[in-house]
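In: One predicted model, sequence on top.
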Amino acid sequence: MADLYPKETRSYVMSRIRKRDTKPELLLRRALFALGVRGWRLRAKLPGTPDLVFARVHLAVFVDGCFWHGCPRCAIPRPKSHKQYWGPKLSRNVARDVRVKRELRALGWRTLRVWEHEVIHDPARCAERIATKLAAI
(Lines give C-alpha, C1' and ligand atoms only; values in the text may rest on other atoms or scores of the structure.)
Protein backbone atom coordinates (compact mmCIF):
# COMPACT_ATOMS: atom_id res chain seq x y z
CA MET A 1 0.00 0.00 0.00
CA ALA A 2 1.40 3.36 -0.99
CA ASP A 3 1.62 6.29 1.35
CA LEU A 4 -1.38 8.62 1.28
CA TYR A 5 0.84 11.71 1.18
CA PRO A 6 3.64 12.91 -1.07
CA LYS A 7 7.14 12.46 0.32
CA GLU A 8 7.50 16.16 1.25
CA THR A 9 4.20 16.20 3.14
CA ARG A 10 5.04 12.98 5.01
CA SER A 11 8.44 14.39 5.93
CA TYR A 12 6.82 17.54 7.30
CA VAL A 13 4.23 15.57 9.29
CA MET A 14 6.88 13.33 10.83
CA SER A 15 9.06 16.34 11.70
CA ARG A 16 6.20 17.79 13.77
CA ILE A 17 6.18 14.81 16.15
CA ARG A 18 7.52 16.20 19.40
CA LYS A 19 10.26 14.51 21.34
CA ARG A 20 9.63 16.44 24.56
CA ASP A 21 6.94 18.60 26.13
CA THR A 22 4.24 16.42 24.64
CA LYS A 23 0.64 16.78 25.83
CA PRO A 24 0.90 13.75 28.18
CA GLU A 25 4.15 15.05 29.67
CA LEU A 26 2.68 18.48 30.31
CA LEU A 27 -0.46 16.98 31.87
CA LEU A 28 1.65 14.82 34.15
CA ARG A 29 3.88 17.69 35.23
CA ARG A 30 0.85 19.85 36.04
CA ALA A 31 -0.69 17.02 38.06
CA LEU A 32 2.57 16.49 39.98
CA PHE A 33 2.78 20.20 40.71
CA ALA A 34 -0.84 20.21 41.92
CA LEU A 35 0.03 17.38 44.33
CA GLY A 36 2.94 19.40 45.66
CA VAL A 37 5.57 17.11 44.19
CA ARG A 38 8.70 19.07 43.37
CA GLY A 39 12.32 18.37 42.61
CA TRP A 40 12.22 16.82 39.16
CA ARG A 41 14.53 17.71 36.34
CA LEU A 42 13.96 17.56 32.62
CA ARG A 43 16.34 16.17 30.03
CA ALA A 44 18.91 14.66 32.36
CA LYS A 45 21.80 12.98 30.63
CA LEU A 46 20.87 9.42 31.47
CA PRO A 47 20.38 6.39 29.25
CA GLY A 48 17.04 6.60 27.47
CA THR A 49 16.58 10.31 28.22
CA PRO A 50 13.86 10.02 30.88
CA ASP A 51 11.00 12.53 30.75
CA LEU A 52 11.26 13.35 34.46
CA VAL A 53 14.25 12.72 36.72
CA PHE A 54 14.20 12.84 40.50
CA ALA A 55 17.97 12.90 41.01
CA ARG A 56 18.01 12.90 44.81
CA VAL A 57 16.24 9.55 44.98
CA HIS A 58 17.48 8.18 41.65
CA LEU A 59 14.06 7.78 40.03
CA ALA A 60 13.65 8.11 36.27
CA VAL A 61 10.10 8.48 34.91
CA PHE A 62 9.22 7.74 31.29
CA VAL A 63 5.96 8.71 29.58
CA ASP A 64 5.70 6.16 26.79
CA GLY A 65 3.64 6.87 23.69
CA CYS A 66 1.22 4.03 23.02
CA PHE A 67 2.09 3.75 19.31
CA TRP A 68 5.85 4.22 19.61
CA HIS A 69 6.39 1.85 22.54
CA GLY A 70 3.84 -0.88 21.77
CA CYS A 71 1.20 -0.44 24.45
CA PRO A 72 -0.43 -3.84 25.02
CA ARG A 73 -3.73 -2.26 26.11
CA CYS A 74 -4.17 0.04 23.12
CA ALA A 75 -2.74 -2.47 20.64
CA ILE A 76 -2.46 0.18 17.94
CA PRO A 77 -1.93 -1.62 14.63
CA ARG A 78 1.32 -1.08 12.82
CA PRO A 79 1.15 0.90 9.59
CA LYS A 80 0.27 -1.16 6.54
CA SER A 81 2.59 0.82 4.29
CA HIS A 82 6.37 0.53 4.55
CA LYS A 83 6.15 -2.61 6.70
CA GLN A 84 9.84 -3.29 6.12
CA TYR A 85 10.57 -0.04 7.96
CA TRP A 86 7.87 0.16 10.66
CA GLY A 87 8.02 -3.43 11.90
CA PRO A 88 11.70 -3.36 12.86
CA LYS A 89 11.52 0.30 13.99
CA LEU A 90 8.77 -0.32 16.55
CA SER A 91 10.37 -3.58 17.69
CA ARG A 92 13.66 -1.77 18.28
CA ASN A 93 11.84 0.82 20.41
CA VAL A 94 10.47 -1.90 22.71
CA ALA A 95 13.85 -3.64 22.90
CA ARG A 96 15.53 -0.30 23.69
CA ASP A 97 13.09 0.28 26.57
CA VAL A 98 14.15 -3.04 28.12
CA ARG A 99 17.85 -2.27 27.59
CA VAL A 100 17.54 1.24 29.07
CA LYS A 101 15.78 -0.08 32.17
CA ARG A 102 18.59 -2.59 32.66
CA GLU A 103 21.27 0.11 32.16
CA LEU A 104 19.62 2.48 34.63
CA ARG A 105 19.24 -0.29 37.20
CA ALA A 106 22.97 -1.07 36.84
CA LEU A 107 23.68 2.62 37.56
CA GLY A 108 21.56 2.48 40.73
CA TRP A 109 18.42 4.14 39.31
CA ARG A 110 14.81 3.06 39.65
CA THR A 111 12.48 3.50 36.71
CA LEU A 112 8.77 4.10 36.41
CA ARG A 113 6.94 3.99 33.10
CA VAL A 114 3.48 5.38 32.48
CA TRP A 115 1.55 5.00 29.25
CA GLU A 116 0.32 7.94 27.24
CA HIS A 117 -3.30 6.76 27.52
CA GLU A 118 -3.03 6.54 31.32
CA VAL A 119 -1.82 10.11 31.60
CA ILE A 120 -4.39 11.49 29.17
CA HIS A 121 -7.30 9.74 30.91
CA ASP A 122 -6.23 10.36 34.50
CA PRO A 123 -3.11 12.49 35.03
CA ALA A 124 -3.83 12.82 38.77
CA ARG A 125 -3.71 9.04 39.22
CA CYS A 126 -0.38 8.82 37.40
CA ALA A 127 0.98 11.65 39.53
CA GLU A 128 -0.18 9.79 42.65
CA ARG A 129 1.69 6.66 41.46
CA ILE A 130 4.86 8.73 41.18
CA ALA A 131 4.29 10.40 44.55
CA THR A 132 3.74 6.99 46.16
CA LYS A 133 6.93 5.66 44.61
CA LEU A 134 8.84 8.72 45.82
CA ALA A 135 7.47 8.28 49.35
CA ALA A 136 8.52 4.62 49.37
CA ILE A 137 12.13 5.40 48.45
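Out: Arrived safely.

In: The spatially closest residue to R10 that is not a sequence neighbour and P79, how far apart?
Out: Excluding the flanking residues, the one nearest R10 by Cβ to Cβ, 6 or more residues apart in numbering is D3, at 5.7 Å. Using the backbone N, CA and C atoms, a C-beta is placed for each residue, glycine as well. Distance, D3 to P79, by Cβ to Cβ, to the nearest Å: 9 Å.

In: neighbour count winner among the two?
Out: P79 (15 against 11; other Cβ atoms under 10 Å).

In: And the longest helix along the chain, what's buried?
Out: Secondary structure of the chain read by DSSP state H shows that its longest helix is helix 83-106. Buried residues in helix 83-106, counted by 16 or more other Cβ atoms under 10 Å: 90, 97, 100-101, 104.

In: Against which helices or strands is that helix packed?
Out: strand 59-64, helix 66-69, strand 110-115 (3 or more Cβ pairs under 8 Å, 6 or more residues apart in numbering; DSSP states H and E).

In: what mean pLDDT would you report for the second one?
Out: Averaging pLDDT along helix 66-69 gives 94.

In: And for stretch 107-122?
Out: 97.

In: Now do it: distance to the chain's middle.
Out: 7 Å (Cα atoms, centre = their mean, to the nearest Å).

In: what distance separates the start and the end of that stretch?
Out: End-to-end distance of stretch 107-122: 31 Å, with Cα to Cα, to the nearest Å as the criterion.

In: Tell me the buried residues in it?
Out: In stretch 107-122, counting by 16+ other Cβ under 10 Å, buried: 109-112, 114-119.
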